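**Student:** Take this sequence and fold it.
(one chain, ligands or ions: 3)
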Amino acid sequence: MASFNLFLLPGDGIGPEIMVEVKSILSWFQARGVATFETEAGLVGGSAYDAHGKAISEEDMKLAQAADAVLFGAVGGPKWDSVPYDVRPEAGLLRLRKDLGLFANLRPAICYPALADASSLKREVVEGLDILIVRELTGGVYFGEPKEIVTLENGEKRAVDTQLYTTHEIERIARVAFDLARTRGKKVASAEKRNVMKSGVLWNQVVTKIGKEEYSDVALEHVLADNCAMQLVRWPKQYDVIVCDNLFGDILSDVAAMLTGSLGMLPSASLGAPDAATGKRKSLYEPVHGSAPDIAGKGIANPIAMIGSFAMALRYSLGLGEAADMLDKAIANVLASGVRTKDIAAAGQNAVGTKDMGAAIVKELEALAR
Ligand SMILES: NC(=O)c1ccc[n+]([C@@H]2O[C@H](COP(=O)([O-])OP(=O)(O)OC[C@H]3O[C@@H](n4cnc5c(N)ncnc54)[C@H](O)[C@@H]3O)[C@@H](O)[C@H]2O)c1
Ligand SMILES: CC(C)[C@H](C(=O)O)[C@@H](O)C(=O)O
Ligand SMILES: [Mg+2]
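**Tutor:** Ligands and ions are numbered 1, 2, ... in the order given. This next block holds a predicted model:
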């Protein structure tokens, strides 16, 4: 039986609550003989800061580097609002992305039929929705230098963030988007702001060139990022794959989340380049949402984004596509049977807690395996 080494970073807020549910799912797959999962857990974010004053330790960085996949919960929360910028909880996540070279962030937004009424949009707008946002994750304004607050001679302060992209960075994320589009609806929409930003001009040129020279079978459309946000709410089904930079991808994926019913529904995969010798990619799987401080500790968080992220790990890192399909089907069936956490429940509908949703998915896996 294949054996995999998973590094778990539950993090803060609802992170540990949703990670527990993934643990029971991977135990179930292990008990069924699908694979052996060696798991080790570390600290990231505020919980790491409280333990040792850094958002992630060097030791945990090494374990993340060595893992077949990292499973990440969420970080952050008001408790750490005033910690120094370099060790704030989010710095742990950004370091993992940068040091592991996780440049490609896949954020699928699927509206399960059973949830078409959970979205704040009309059923016909979201029913059957299946789009994929491909977000560049290691460049742009998140990492560009200089990044600082300086005091000017007149005593005023000036804050600088730098949006920076090179041809190579745009080429490789464009190829990920085009390759994935080939396996789906064969359409890519590239979102940027070439009307305002030089990085948008280069982004547009490079994506156009890659599309023309290497992917003439995939339809390419360019859309200004602000218009893209509006189109996602107006008629999202016009899109198949959307490719965009780090910041636009962050924002557009939160918009897309609401098309599925809740931010608690959106999983993600962050992938590095394949290793030249082994073909293996470094990878991290995390829900799109954050630590949800407003509901942390109440046992009501929706674990589906986290569980769906584990399904993506099975598919993209562990070569267990059948297990991934089975887990996705279990999630869909549980939703179809009417089980709802609070965030996706209709007014007046009974809602279950995090644990009950996790248990319902395990029970459905059991039924599917029979
Ligand atoms: N990947 C991450 O770790 C990540 C992502 C986004 C935000 N954050 C951090 O999380 C903290 C809180 O940020 P925020 O409040 O702006 O965003 P958030 O995503 O944590 O929460 C936004 C809203 O969505 C709800 N929500 C989120 N996930 C849910 C789930 N699984 N089930 C039910 N409801 C859910 C929350 O209750 C809240 O009302 C901040 O410190 C932020 O930096 C971390
Ligand atoms: C927590 C934060 C650093 C992160 C981001 O901005 O990338 C989050 O919002 C996300 O969407 O993964
Ligand atoms: Mg975000």
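
**Student:** In the stretch 251-370 of the chain, what residue spans correspond to helices?
**Tutor:** Along the stretch 251-370 of the chain, the segments classed as helices by DSSP state H, counting those that start in this stretch run 304-316, 321-336, 354-369.

**Student:** Spell out which parts of the stretch 201-350 of the chain neighbour ligand 1.
**Tutor:** 262-264, 286, 289-295, 301-302, 305, 343 (Cβ under 6 Å from any ligand atom). For the C-beta atoms, the positions are set from N, CA and C on the backbone; glycine is no exception.

**Student:** Which members of those residues are classed as buried?
**Tutor:** 262-264, 286, 289-292, 295, 301-302, 305, 343 (16 or more other Cβ atoms under 10 Å).

**Student:** Report the spatially closest residue to residue 89, excluding sequence-adjacent ones.
**Tutor:** Leaving aside its sequence neighbours, residue 89 sits nearest to residue 45 (Cβ to Cβ, 6 or more residues apart in numbering; 3.5 Å).

**Student:** doesn't residue 94 make contact with that neighbour?
**Tutor:** No - judged on Cβ atoms under 8 Å, residue 45 makes no contact with residue 94 at a distance of 10.9 Å.

**Student:** Would you check how far apart residue 219 and residue 195 are?
**Tutor:** Residue 219 is 22 Å from residue 195, where distance means Cβ to Cβ, to the nearest Å.

**Student:** Looking at the two, which one has more neighbours?
**Tutor:** For residue 219 and residue 195, the more surrounded residue by other Cβ atoms under 10 Å is residue 219, and the numbers stand at 14 against 11.

**Student:** Now the phi/psi pair for the more buried one, please.
**Tutor:** Here is the backbone geometry of residue 219 (degrees, to the nearest 10): phi -80, psi 130.

**Student:** what's around the closest residue to ligand 2 within the chain, how many residues?
**Tutor:** Evaluated by Cβ to the nearest ligand atom, the chain has residue 90 as its residue closest to ligand 2, separated by 4.0 Å. Number of residues near residue 90 (other Cβ under 10 Å) recorded here: 17.

**Student:** Can you give me the distance of it to residue 81?
**Tutor:** 11 Å.

**Student:** Please apply the same query to residue 165.
**Tutor:** From residue 165 across to residue 81, the span is 30 Å (Cβ to Cβ).

**Student:** Compare the two (neighbour count), which wins?
**Tutor:** Set residue 165 next to residue 81 and count neighbours by other Cβ under 10 Å: residue 165 wins out with 23 against 10.

**Student:** how far away is that one from residue 213?
**Tutor:** Taken as Cβ to Cβ, the span from residue 165 to residue 213 is 19 Å.

**Student:** now residue 359
**Tutor:** Remark: distance between residue 359 and residue 213 (Cβ to Cβ) = 51 Å.

**Student:** What's opposite residue 221 in the beta bridge?
**Tutor:** Residue 221 has these beta-bridge partners by DSSP bridges: residue 189.

**Student:** Is it correct that it is in contact with residue 187?
**Tutor:** Yes - applying Cβ under 8 Å as the test, residue 221 and residue 187 come out as touching, 7.2 Å apart.

**Student:** And the strands in this structure, which stretches?
**Tutor:** Applying DSSP state E to the chain gives strands spanning 3-11, 36-41, 69-74, 104-110, 130-136, 144-151, 157-162, 187-192, 219-224, 241-244, 269-271, 283-285.

**Student:** Let me know the pLDDT of residue 61.
**Tutor:** In this model, residue 61 is scored at 98, pLDDT.

**Student:** do residue 119 as well
**Tutor:** Per-residue pLDDT puts residue 119 at 80.

**Student:** Around it, how many other residues sit close by?
**Tutor:** For residue 119, the neighbour count with other Cβ under 10 Å is 22.

**Student:** who's in contact with residue 128?
**Tutor:** Listed by Cβ atoms under 8 Å, 6 or more residues apart in numbering, the contact set of residue 128 reads 111, 113, 237.

**Student:** is stretch 307-325 up against ligand 2 anywhere?
**Tutor:** No - Stretch 307-325 does not reach ligand 2 (Cβ under 6 Å from any ligand atom); its nearest approach is 11.4 Å.

**Student:** Quickly list what residue 352 is bridged to.
**Tutor:** Judged by DSSP bridges, the bridge partners of residue 352 are residue 341.

**Student:** And the pLDDT for it?
**Tutor:** As predicted, residue 352 sits at a pLDDT of 98.

**Student:** Test my guess that it contacts residue 339.
**Tutor:** Yes - counting by Cβ under 8 Å, residue 339 is a contact partner of residue 352 at 5.9 Å.

**Student:** Tell me how far the residue in the stretch 151-300 of the chain that ligand 1 sits nearest to lies from residue 269.
**Tutor:** With Cβ to the nearest ligand atom as the measure, residue 290 is the residue of the stretch 151-300 of the chain nearest to ligand 1, at 2.3 Å. Plainly put, residue 290 is 18 Å away from residue 269 if you go by Cβ to Cβ.

**Student:** Next: residue 298.
**Tutor:** Taking Cβ to Cβ as the measure, residue 298 falls 28 Å from residue 269.

**Student:** now do residue 6
**Tutor:** Applying Cβ to Cβ to residue 6 and residue 269 gives a distance of 14 Å.

**Student:** Quick check: residue 126 touching residue 235?
**Tutor:** No - using Cβ under 8 Å, residue 126 is not in contact with residue 235, being 10.1 Å away.
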